[in-house]
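Participant: sequence and predicted model, in that order:
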Amino acid sequence: MTTATTLRHRNLLGIRDLEAGEIDLILETAFAMKEVVARPIKKVPTLRGRTVVNLFFEPSTRTRMSFELAEKRLSADTLGMTTAGSSVVKGETLGDTARTIEAMAPDMIVMRHASSGAPHQLARVCRASIINAGDGTHEHPTQALLDAFTIREHKGTLAGLRVAIIGDLIHSRVLRSNVWLLTKMGASVTACAPATLMPPGLRELGVTVTHHIDEAVTGADVIMMLRVQHERMHGLFLPSAREYFTYFGLTPARMERAAPEAIVMHPGPMNRGVEIDSDVADGPWSVILDQVANGVAVRMAVLYLLAGGEGEN
Amino acid sequence: MLLKSVHVVDPAAGRNGRFDLLIDAGRVSRIGRDLPAGDARVVELPASCIVTPGLIDIHVHLREPGQEHKETIATGTASAVAGGFTAVACMPNTDPINDNASVTQFIMKRAADVGVARVYPIGAVSLGSKGEQLTEIGDLRAAGCVAITDDGRPVSTALLMRRALEYASMFKMPVINHCEDPSLKGDGVAHEGPVAAMLGLKGIPGASESVMVERDVSIAELTGGHVHVAHMSARQSLRAVRAGKDRGIRVTAEVTPHHFVLTDEALARHGGYDTNTKMNPPLREEADRAAMIDGLRDGSIDVIATDHAPHHADEKALEFDRAPFGIVGLETAVSLCFDRLVHAGVIGVPRLVELLSTNPARVLGLPGGTLAEGAPADISILAPDASVTVRAAALRSKSKNTPFDGWTLKGGVAATIVGGRIVYSNTDLVTL
């Protein structure tokens, strides 16, 4: 793999579209951005005069704050629009929303939407660069990038690592972005979920699939825990939170099967006592707060590269 | 009019060769060789043209009454004849639903006033298609309905299907079912499989269709009624239909061109999430598409129908999971059939005519489907070798929601004749 010198893309819609060299470029750039964030004055003029719209059609706290901080540290002019539900709720089509925003001539749009593919649809009508901040159950590319960045910080590399991803996988955009990223970067991925929460097709992407957490954890260098939402706990996906924790919860005892120096990650927000024991979440393995801190640097890198990047899509 | 020495393909009458066809007073008055023209106008056609009994699309949403922003009886039938169809059967999920004779009469009257193709209404199985109470099926039949269905929704329970089949049998009408188990479908928007999973779209498994096909085959056996499976898409359903036919049960099935041409891979193309690749049943995986081709070839599928489902561009410009299901199909069907079935070597022209004319007429008990003497002069003139490029903006349909925009296909429609009257001709291909 050779590190790319520019992104070929106008937008960041998903990790699926990126080549390994481009992922590497973003991560390398993020290391430089992290140095900026460590300074007493955490601001550079890189995006001065550029306008970034944060368009959040779905509630978000951490991702929105992380993007806003990244934009401000690059000196961009930012404005935000948060609205519950889709454009339909307002009686407006997605196309109209796009054209309205477009008329204000922003340089970049950071978009979070409950519908998979909404950023792709927006990208077809907007001249601005679109950054996908999470679309439905499709992708969350900057989360996967900050996860990769955090793994590299702790492990030095992604290639050859054994990564277990455990939780509600079928509903997870974080899973999908991480599968693309980790397999492109040479890690070996094991996906672990109850059969009711496992998406089809992972094996075809080179992922090992299991329904037994002990198998997933054994020998893992990195364990990513994904959130299981409360509404899945009753009804037809799962019988109860109690049973979920019994069979899929990450406990200190289970951590003993992991590789030495294994790290535990979680994109948040955590359900303590459901997918992860507090003794693990707060224990020596946890790099969960590093993920949050690194999110800003990684998003600065993405904004910076897209602002300077040229080319197709 | 005397069509002079034209290539007639009419499986119902066992004809596949050059004949003279004399049309008089809206009917085929004579068919034979070297017929005297008398005072009839003599029409000759390019040698490559094929003359077939009028094509009949038994699964069309004309949207009138109530959704005239999508389609009307005028625009829908104009679209039909431009696609080579001389007749359409229209689904009852209008607003109001065609669940009583007054709606049927309205459709019949509008069709008589503004329709350019024949229109055969299909009535609802249950009032409001709510799955609770049978409609006045005899009344619907008397007003002009040719079948019943709750299309758009499945016939909700096994008991309702039983009663509908028993009752409709008295009036010699089939029950058409949109087979889909609602609990297995859930709020799915795409075929359940790796493609939808990686696009983050909720899945609709093939089994959601086949469990109800299997149910209906069993109930057809129980009642002796005729069940017709609408827009079959899953290979498991085809197995159930074959098994039913093997046991002599009265089950017939249709498939749409998009289900034998496209797969769920189309959802990921061109940047992904094109809402013109969203339909119900969804585009399925290659094994299903290949199974539909097999069924067309071996006779276990009776009919090609388009499920012409016009939607306004504004409705389709929504998020993928919010946009309505469906695509228009009347004006692309013939080209897709020639290109992907005939020229691809799957079936010959006579079999295609069976699928598009003979069998649709048989399944619904319609006049037509043959060019025998005395039959209505509903005639499609097809140009198997014409190169056709689909232009969504140029469609006669009021709606342009097609995934085939820009496709170049081999095979097209030269002209369409309904009741002896030329209602459509493509002047690039023929002069009539």
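Facilitator: Ah, there it is.

Participant: any weak-confidence spans in the stretch 1-150 of chain A?
Facilitator: When residues are selected by pLDDT under 70, those of the stretch 1-150 of chain A lie in A:84-91.

Participant: helix or strand for residue A:54, which one?
Facilitator: Per DSSP states H and E, residue A:54 falls inside strand A:51-56.

Participant: report all helices and strands that the helix or strand just after that strand contacts.
Facilitator: Sequence order places helix A:62-73 as the next helix or strand after strand A:51-56, per DSSP H and E. Counting contacts by 3 or more Cβ pairs under 8 Å, 6 or more residues apart in numbering or on different chains; DSSP states H and E, helix A:62-73 packs against strand A:51-56, strand A:77-82, strand A:108-113, strand A:129-135, helix A:141-155, helix A:288-308. Quick note: C-beta positions are derived from backbone N, CA and C, even for glycine.

Participant: for residue A:204, grab the count of nearby residues.
Facilitator: Counted by other Cβ atoms under 10 Å in any protein chain shown, the residues lying close to residue A:204 total 10.

Participant: that one in helix, strand or coil?
Facilitator: The local conformation at residue A:204, judged by DSSP: H, G, I helix; E, B strand; the rest coil, is helix.

Participant: look up the closest residue to it, ignoring the ones flanking it.
Facilitator: residue B:194 (5.8 Å; Cβ to Cβ, 6 or more residues apart in numbering or on different chains).

Participant: wait, the one you found sits on residue A:200?
Facilitator: Yes: using Cβ atoms under 8 Å, residue B:194 makes contact with residue A:200 at a distance of 5.5 Å.

Participant: what residues does the stretch 151-300 of chain B have near chain A?
Facilitator: B:192-195, B:197-203, B:271-273 (Cβ under 8 Å from any Cβ of the partner chain).

Participant: farthest pair within those residues?
Facilitator: B:192 and B:271 (22.4 Å; Cβ to Cβ).

Participant: neighbour count winner among these two?
Facilitator: residue B:192 (26 against 15).

Participant: right, and the more buried one touches residue A:200 too?
Facilitator: Yes: counting by Cβ under 8 Å, residue B:192 touches residue A:200, with 6.9 Å between them.

Participant: contacting residues for residue 151?
Facilitator: No chain in the question, so chain A it is. Residues near residue A:151 by Cβ atoms under 8 Å, 6 or more residues apart in numbering or on different chains: A:158, A:161, A:163, A:222, A:263, A:265.

Participant: you answered for a different chain; I wanted chain B.
Facilitator: B:59, B:91-93, B:122, B:129, B:176, B:178, B:230.

Participant: from the residues you listed, pick the one nearest chain A.
Facilitator: Distance to chain A, by Cβ to the nearest Cβ, is smallest for residue B:93 among those, at 20.9 Å.

Participant: and the closest one, that one's in a helix?
Facilitator: No: with three-state DSSP as the criterion, residue B:93 is located in coil rather than a helix.

Participant: you'd agree it is up against residue B:176?
Facilitator: No: counting by Cβ under 8 Å, residue B:176 is not a contact partner of residue B:93; they are 11.9 Å apart.

Participant: for residue B:250, what are its contacts?
Facilitator: For residue B:250, the contact set (Cβ under 8 Å, 6+ apart) comprises B:220, B:224-227.

Participant: from residue B:50, how far out is residue B:386?
Facilitator: 11 Å (Cβ to Cβ, to the nearest Å).

Participant: try residue B:120
Facilitator: Counting by Cβ to Cβ, the gap from residue B:120 to residue B:50 is 24 Å.

Participant: ditto for residue B:189
Facilitator: With distances taken as Cβ to Cβ, residue B:189 is found 39 Å from residue B:50.

Participant: the two: which is more packed in?
Facilitator: Using other Cβ under 10 Å, the more surrounded residue of residue B:189 and residue B:50 is residue B:189, with 26 against 22.

Participant: so what's residue 168 up against?
Facilitator: The chain I'm using is chain A. Contacts for residue A:168 (Cβ under 8 Å, 6+ apart) come out as A:193, A:197, A:226-229, A:232.

Participant: switch to chain B, please.
Facilitator: Contacts of residue B:168 (Cβ under 8 Å, 6+ apart): B:137, B:147-148, B:174-175, B:225-226.

Participant: now do residue A:178
Facilitator: A:15, A:143-144, A:147, A:163, A:165, A:189, A:224 are the contacts of residue A:178 under Cβ under 8 Å, 6+ apart.

Participant: make JSON lines from those and add distance to residue A:240 to it.
Facilitator: Converted to JSON lines, the contacts of residue A:178 look like this (distance: Cβ to Cβ, whole Å):
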{"residue": "A:15", "distance to residue A:240": "34"}
{"residue": "A:143", "distance to residue A:240": "28"}
{"residue": "A:144", "distance to residue A:240": "30"}
{"residue": "A:147", "distance to residue A:240": "29"}
{"residue": "A:163", "distance to residue A:240": "28"}
{"residue": "A:165", "distance to residue A:240": "23"}
{"residue": "A:189", "distance to residue A:240": "28"}
{"residue": "A:224", "distance to residue A:240": "23"}
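
Participant: and the closest residue to residue B:84 other than its chain neighbours, how many residues sit next to it?
Facilitator: Of all residues not flanking residue B:84 in the chain, residue B:413 sits nearest, at 3.8 Å (Cβ to Cβ, 6+ apart). Under the neighbour criterion other Cβ under 10 Å, residue B:413 is assigned a count of 27.

Participant: now the host helix or strand of residue B:413: buried residues?
Facilitator: Per DSSP H and E: residue B:413 is located in strand B:408-418. Within strand B:408-418, the residues that count as buried by 16 or more other Cβ atoms under 10 Å in any protein chain shown are B:409-418.

Participant: can you list the strands that that strand pairs with?
Facilitator: Paired neighbours of strand B:408-418 in the sheet (DSSP bridges): strand B:379-389 (antiparallel), strand B:421-425 (antiparallel).

Participant: which of these is buried the deepest?
Facilitator: Mean neighbour count (mean count of other Cβ atoms under 10 Å in any protein chain shown) peaks for strand B:379-389 among the strands paired with strand B:408-418, with a mean of 22.

Participant: where do the helices sit along the stretch 301-432 of chain B?
Facilitator: Along the stretch 301-432 of chain B, counting by DSSP state H, counting those that start in this stretch, helices occupy B:313-316, B:333-337, B:349-353, B:359-364.

Participant: what's the PyMOL syntax to select whichever of the contacts of residue A:168 are buried?
Facilitator: Buried members of those, defined by 16+ other Cβ under 10 Å, are picked up in PyMOL with:
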select buried, chain A and resi 193+197+226+227+228+232
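
Participant: on that earlier part again, can you redo the strands paired with strand B:408-418 as a markdown table with mean pLDDT?
Facilitator: Conversion of these to a markdown table gives the following (pLDDT from 0 to 100):
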| stretch | mean pLDDT |
| --- | --- |
| strand B:379-389 | 98 |
| strand B:421-425 | 97 |
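
Participant: residue A:83 is nearest to which of those?
Facilitator: Of all those, strand B:379-389 sits nearest to residue A:83, with 41.0 Å by Cβ to Cβ.

Participant: quick one: residues in contact with that closest one.
Facilitator: B:3, B:21, B:23, B:45-46, B:48-55, B:84-86, B:334-335, B:338, B:342-343, B:349, B:357, B:371, B:406-417, B:426, B:428-430.

Participant: looks to me like residue A:119 is in a strand.
Facilitator: No: under three-state DSSP, residue A:119 falls outside any strand and is assigned helix.
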